[in-house]
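Participant: Quick one, fold the following:
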Amino acid sequence: MEIIAVIGVIFVSICAMLSQLEVDYDPLIVDKSVVLARTQKQVFYYVADFHNHKKWIGGIGKTEELDDSLMGEGKQFYQMVETPFVGETKQQLEILQYTPTSKLVYNSNMELLKPRMELEITPGNKPGQTRLTWKTYSRRRSYLFCMTILPVSKYFSNANLRTTLFNLRTLIH
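Facilitator: Numbers count the residues shown, from 1 in each chain. Next comes the predicted model:
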């Protein structure tokens, strides 16, 4: 019985230590691209309209603006999001970078991952095509997170983003 207690104390101590140590970067969760037969301007303004998200991002319900300010850095939204095992949650989003026709960066307050989404819009290889690159990072930096939750979230986020970009391509292609 004592050996089990000692192993338990060692395990808890290691977990506590790993939860306090952090990497010096925001870990990448997922990075995917899609080529769309639309102009950069059309793609940017479609994906930057958060009211459109429910049409192509699975699990997104209602979107509410927190204020009447113009779209840009500092603008905040609430989105109702359906998540497995939890149900519907209200997540707050904040625009960090808004560069019309080329880049949109925003944070979500989703507790588990604390994600930051970066959407970069660039010209495609052919005229009339646009490449949308979506990267999601976690603002959680602990080694414990990186060793436990991050690999699982990468697996599920990869599948979700693949479906999201397929939906977008089908919708606006």
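Participant: And the helices in this structure, which stretches?
Facilitator: Using DSSP state H, the helices assigned to the chain run over residues 2-20, 40-47, 53-56, 143-147, 149-172.
Participant: quick check: mean pLDDT across the longest one?
Facilitator: For helix 149-172, the mean per-residue pLDDT is 94.
Participant: Report all helices and strands that it contacts.
Facilitator: Using 3 or more CB pairs under 8 Å, 6 or more residues apart in numbering; DSSP states H and E as the contact criterion, the elements in contact with helix 149-172 are strand 28-36, helix 40-47, helix 53-56, strand 130-138. All C-beta atoms are positioned from the backbone trio N, CA, C, and that covers glycine.
Participant: Over to the third one?
Facilitator: Counting contacts by 3+ CB pairs under 8 Å, 6+ apart, helix 53-56 is packed against strand 60-65, helix 149-172.
Participant: Nearest to Tyr137, out of the ones you listed?
Facilitator: Among the helices and strands packed on helix 53-56, helix 149-172 comes nearest to Tyr137, with 10.6 Å by CB to CB.
Participant: can you pull the buried residues of that closest one?
Facilitator: Within helix 149-172, the residues that count as buried by 16 or more other CB atoms under 10 Å are 149-150, 153-154, 157, 160-161, 164-165, 168-169, 172.
Participant: one step back: switch the helices and strands packed on helix 149-172 over to CSV; also include distance to Gly8, mean neighbour count and mean pLDDT.
Facilitator: Formatted as CSV, the helices and strands packed on helix 149-172 follow (distance: least, CB to CB, whole Å; neighbours: other CB atoms under 10 Å; pLDDT from 0 to 100):
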stretch, distance to Gly8, mean neighbour count, mean pLDDT
strand 28-36, 31, 17, 97
helix 40-47, 48, 18, 96
helix 53-56, 44, 17, 95
strand 130-138, 29, 20, 98
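Participant: what would these look like in TSV with distance to Met117?
Facilitator: Written out in TSV, the entries for the helices and strands packed on helix 149-172 read as follows (distance: least, CB to CB, whole Å):
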stretch	distance to Met117
strand 28-36	10
helix 40-47	10
helix 53-56	11
strand 130-138	5
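Participant: Ok, which of the helices of the chain comes nearest Gln91?
Facilitator: Per CB to CB, nearest to Gln91 of the helices of the chain: helix 53-56, 11.3 Å.
Participant: got a list of contacts for the closest one?
Facilitator: The set of residues external to helix 53-56 that reach it, using CB atoms under 8 Å, 6 or more residues apart in numbering, is 60-63, 79, 164, 167-168, 171.
Participant: count of residues packed around Phe50?
Facilitator: Neighbours of Phe50 under the rule other CB atoms under 10 Å: 21.
Participant: Tell me which residues touch Gln76, please.
Facilitator: Contact analysis of Gln76 by CB under 8 Å, 6+ apart lists 65-67, 92-95.
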